[in-house]
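*Asks:* coordinates for the following, if possible.
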Amino acid sequence: MDNTVVNSTELLSLGVNLLLVIGLVFAAGWLYTRLRSPLSGGGRQINVVAHCSVGRNERMLLVEVAGQHLLVGATPAGIRTLFEFDSEMEIESVEPVSTQFAARLRAALGKAGT
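*Replies:* Numbering: from 1, shown residues only. The predicted structure is shown next:
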């Protein structure tokens, strides 16, 4: 039987090499996600303006494509156009739902505490 003794420099070298390989894997993953989507940034032709969940797996999306707005329904079975808007839409800024919920919860807790 061959008894091999590992000294501290070999162990340190192994650890450094292992960290280097793990770092290269993470760097390759980051680089892949950055280069994967050619339409990222300002070149997007399709933009989701608003969305609403109407069920566990169903959503309605207001989508802007080439200056035209479409209301589409998305389900696990597929996507269907529900309505095509004829004129240019003015989308007003809406407070996020999570902020509205937080404000309502604070108000309800304030009333319950008094």
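*Asks:* pLDDT weak spots in the chain?
*Replies:* Applying pLDDT under 70 to the predicted model, the residue ranges of the chain that meet it are 1-4, 37-44, 87-99, 112-114.
*Asks:* and the strands in the chain?
*Replies:* Per DSSP state E, the chain carries strands over the ranges 46-53, 59-65, 68-75, 78-84.
*Asks:* what pairs with the third one, parallel or antiparallel?
*Replies:* Strand pairing for strand 68-75, using DSSP bridges, gives strand 59-65 (antiparallel), strand 78-84 (antiparallel).
*Asks:* one more: the first one?
*Replies:* Applying DSSP bridges to the sheet, strand 46-53 is found paired with strand 59-65 (antiparallel).
*Asks:* give me the buried positions along the partner strand.
*Replies:* When burial is assessed from 16 or more other Cβ atoms under 10 Å, strand 59-65 yields the following buried residues: 60-64. For glycine as for every other residue, the C-beta is placed from the backbone atoms N, C-alpha and C.
*Asks:* contacting residues around it?
*Replies:* Outside strand 59-65, the residues that touch it by Cβ atoms under 8 Å, 6 or more residues apart in numbering are 45-54, 69-74, 82, 91.
*Asks:* can you map out the helices along the chain?
*Replies:* Counting by DSSP state H, the chain has helices at residues 8-36, 97-113.
*Asks:* please render the ones you listed as TSV that adds mean neighbour count and distance to residue 86 to the earlier fields.
*Replies:* Output for these, formatted as TSV (neighbours: other Cβ atoms under 10 Å; distance: least, Cβ to Cβ, whole Å):
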stretch	mean neighbour count	distance to residue 86
helix 8-36	10	36
helix 97-113	9	28
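*Asks:* in a markdown table: the strands paired with strand 68-75, plus distance to residue 9.
*Replies:* Formatted as a markdown table, the entries for the strands paired with strand 68-75 read as follows, by distance: least, Cβ to Cβ, whole Å:
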| stretch | distance to residue 9 |
| --- | --- |
| strand 59-65 | 58 |
| strand 78-84 | 60 |
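*Asks:* closest to residue 104 out of the ones you listed?
*Replies:* Distances from residue 104 to each of those were compared using Cβ to Cβ; the shortest belongs to strand 59-65, at 22.8 Å.
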